[in-house]
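K.L.:
The following block contains a protein sequence and its predicted model.
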Amino acid sequence: MIKKITAVTAALIMAASMLCGCSKSDKKDSSSAAETTTAAESTAESAASDSSSENSELPVASLTIDGEKVDTSDLVMLTVDGRDVKFDEFRYYYFTAIQQLTQGYGTTLEQIASTEEGFKNLLERVVTNIKQDYVTYALCDENGITLSDEEIAANEESYNSYKENAGSDEAFNEALASSYMTDELFRDRIALAALYMKAESELLTNEGKYATSKEDFRTIVQDPETYACVRSILIPFCCKAEITDEEQSAAYDGYDLNGKYMAKSSAYEALSDEDKEKVKEEAKKLAEEVLDKINKGEDFEEMLTEYGWDPGMESNPQGYYMNHNTSFVQEFLDAAFKLSEGEVSPLVENASYGWFIIKRMPIDMDYVEENIDSMIVEYDTPAIEELYMTTMDSMEVKYSDIYNKLTAESIT
């Protein structure tokens, strides 16, 4: 539910898919990854696959400070909000942060460590990721949320299932090592994910402590200054681009709206800057003609069906329900909230998409009732993210002497 707060669930899914994928994936396969929950699965499966390669060497945990190996048994690297972060856990977050930077920016540890500031920023990311996960502990401690005996037993069943899916104890341990995890840490990830889900259910949704109540939301959604429902006609820059690829041109009529948009977009991007401007002018002329027809009495929905390029209008026939924090381009949001119910906007241009013609629709309370839980989640997301950030900012971090001596060569 919280787009920017994904570390807990992503970590667990990474571990689960890594262990399940270990016995199923081909040894020669690898998967690309990005910073999303789904990508975490790909990353983990790739790691498991790589770890089973005959020539690969599993990472061996070690810590070197001032040229000397350090005994990491029960070594506390730092404390966050009064909770000890031992070496094995810190190491997991350390290599996770490196992986994030590698996948997001194409950088390596050597490049990161080439400047003092680069390594400092890496360590800051590590601590931020730890604090991000520890918000769950903080919220649960504050609100007396713990796992029941039944939930603890369910976690154990999950652990045993992951282990069984790995195929053997050896494969299980290899998969853990390839993801910089220990058996104890993996168990902790399962428990942390369970706590997160319980906190989300009891505090952040279902009329919990930090969630908007359904009664309040029914009032909020009917406030025209807070919520709007709109239908829109998108006339994209690319809609007048000519498709010159013969294969794509022959298949074009069989595409759905999204496929047609992608084909037009590809054709548009292949044009010179001068030709792009010509195509944009043609598209703008069409947008002006469509708006003129609507202003002269043509039915908005008929114009949308004939000229609209937004696939979302097909999948959301009731219209888009939005508040000021909804993820729409700012020009669209601003124009929508300026309209009165039943009013149609002038052309609204966005530099990435093209022109929108927006009509504000009435709020359908039957639709709201059918979707009230997901709408409350969407409405509450900014406040929940603020709660997370405030909680993180309030956490006290104490660093050990060992932590303060870390270099890029310290941890393997």
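P.N.:
Okay, I see it.
K.L.:
Find the residue ranges of the stretch 51-200 of the chain scoring beneath the pLDDT cut-off.
P.N.:
Under the criterion pLDDT under 70, the flagged ranges of the stretch 51-200 of the chain are 51-56.
K.L.:
now the helices for it?
P.N.:
Using DSSP state H, counting those that start in this stretch, the helices of the stretch 51-200 of the chain run over 87-105, 109-112, 116-142, 149-166, 169-178, 183-199.
K.L.:
so Ile233 sits in a strand?
P.N.:
Yes. Residue state for Ile233 (DSSP: H, G, I helix; E, B strand; the rest coil) corresponds to a strand.
K.L.:
following the helix or strand encompassing Glu289, which helix or strand shows up next?
P.N.:
In the assignment (DSSP states H and E), Glu289 maps to helix 273-295. Sequence order places helix 300-307 as the next helix or strand after helix 273-295, per DSSP H and E.
K.L.:
now the angle from that next one to helix 273-295?
P.N.:
If you take axes from the mean of the first three to the mean of the last three Cα atoms, to 10 degrees, helix 300-307 sits at 150 degrees to helix 273-295.
K.L.:
And the contacts of helix 300-307?
P.N.:
231-233, 235, 286, 290, 293-294, 313, 344, 357, 359 (Cβ atoms under 8 Å, 6 or more residues apart in numbering). For every residue, glycine as well, the C-beta is placed using N, CA and C.
K.L.:
can you give me how far that helix is from the chain middle?
P.N.:
Chain-centre distance of helix 300-307: 33 Å, with Cα atoms, centre = their mean, to the nearest Å.
K.L.:
what mean pLDDT would you report for it?
P.N.:
Confidence over helix 300-307 (mean pLDDT, whole number) is 97.
K.L.:
likewise stretch 237-255?
P.N.:
Mean predicted lDDT for stretch 237-255 stands at 94.
K.L.:
what's it in contact with?
P.N.:
Counting by Cβ under 8 Å, 6+ apart, 260-261, 263-271, 276, 279-280, 282-283, 286, 309, 353-354 sit against stretch 237-255.
K.L.:
and if we set it to 7 Å?
P.N.:
260, 263-265, 267-268, 271, 279-280, 282-283, 286, 309, 354 (Cβ atoms under 7 Å, 6 or more residues apart in numbering).
K.L.:
repeat for stretch 105-119
P.N.:
So stretch 105-119 is contacted by 98, 101-102, 122, 408 (Cβ under 7 Å, 6+ apart).
K.L.:
at 8 Å instead, please
P.N.:
For stretch 105-119, contacts defined as Cβ under 8 Å, 6+ apart pick out 98, 101-102, 121-122, 407-408.
K.L.:
Please indicate which of those residues are buried?
P.N.:
Buried by 16 or more other Cβ atoms under 10 Å: 98, 101, 122, out of the contacts of stretch 105-119.
K.L.:
what's the neighbour count on the nearest residue to Glu396 once chain neighbours are set aside?
P.N.:
In space, and not counting its chain neighbours, Glu396 is closest to Asp81: 6.4 Å by Cβ to Cβ, 6 or more residues apart in numbering. Neighbours of Asp81 under the rule other Cβ atoms under 10 Å: 18.
K.L.:
Make sure Asp81 is actually in contact with Met392.
P.N.:
No. The criterion here is Cβ atoms under 8 Å, and Asp81 misses it with Met392 at 9.2 Å.
K.L.:
Can you pull the residues that touch both of those two?
P.N.:
With Cβ under 8 Å, 6+ apart as the test, Asp81 and Met392 both reach Lys131.
K.L.:
returning to that earlier point: now the buried ones among the contacts of stretch 105-119 as TSV including distance to Ser161?
P.N.:
Formatted as TSV, the buried ones among the contacts of stretch 105-119 follow (distance: Cβ to Cβ, whole Å):
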residue	distance to Ser161
Ile98	29
Leu101	32
Leu122	34
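K.L.:
follow-up on the earlier one: of all the contacts of stretch 237-255, which comes closest to Val348?
P.N.:
Of all the contacts of stretch 237-255, Val348 sits closest to Gly354, with 9.7 Å by Cβ to Cβ.
K.L.:
ok now do the closest one, which residues does it touch?
P.N.:
Gly354 neighbours (Cβ under 8 Å, 6+ apart): 234-239, 280, 283, 287, 309.
K.L.:
can we see that at 6 Å?
P.N.:
235-237 (Cβ atoms under 6 Å, 6 or more residues apart in numbering).
K.L.:
Narrow the contacts of helix 300-307 to those that are buried.
P.N.:
Buried members of the contacts of helix 300-307, scored by 16+ other Cβ under 10 Å, are 231-233, 235, 286, 290, 293-294, 313, 344, 357, 359.
K.L.:
if we can go back for a sec, let's have the helices of the stretch 51-200 of the chain in TSV, adding distance to Pro317.
P.N.:
Below are the helices of the stretch 51-200 of the chain laid out as TSV (distance: least, Cβ to Cβ, whole Å):
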stretch	distance to Pro317
helix 87-105	37
helix 109-112	49
helix 116-142	38
helix 149-166	40
helix 169-178	46
helix 183-199	33
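K.L.:
How about Asn121: what's its closest non-neighbour residue?
P.N.:
Leaving aside its sequence neighbours, Asn121 sits nearest to Ile112 (Cβ to Cβ, 6+ apart; 7.6 Å).
K.L.:
give me the number of residues near the one you found?
P.N.:
Counted by other Cβ under 10 Å, the residues lying close to Ile112 total 21.
K.L.:
Check the spacing between it and Leu203 real quick.
P.N.:
For Ile112, the distance to Leu203 (Cβ to Cβ, to the nearest Å) stands at 36 Å.
K.L.:
With Asp133 instead?
P.N.:
As for Asp133, its distance to Leu203 is 16 Å (criterion: Cβ to Cβ).
K.L.:
before we move on, what about Ser232?
P.N.:
35 Å.
K.L.:
One more: Ile152?
P.N.:
The spacing between Ile152 and Leu203, counted by Cβ to Cβ, is 20 Å.
K.L.:
Quick check on those two: which one has the bigger neighbour count.
P.N.:
Leu203 (19 against 13).
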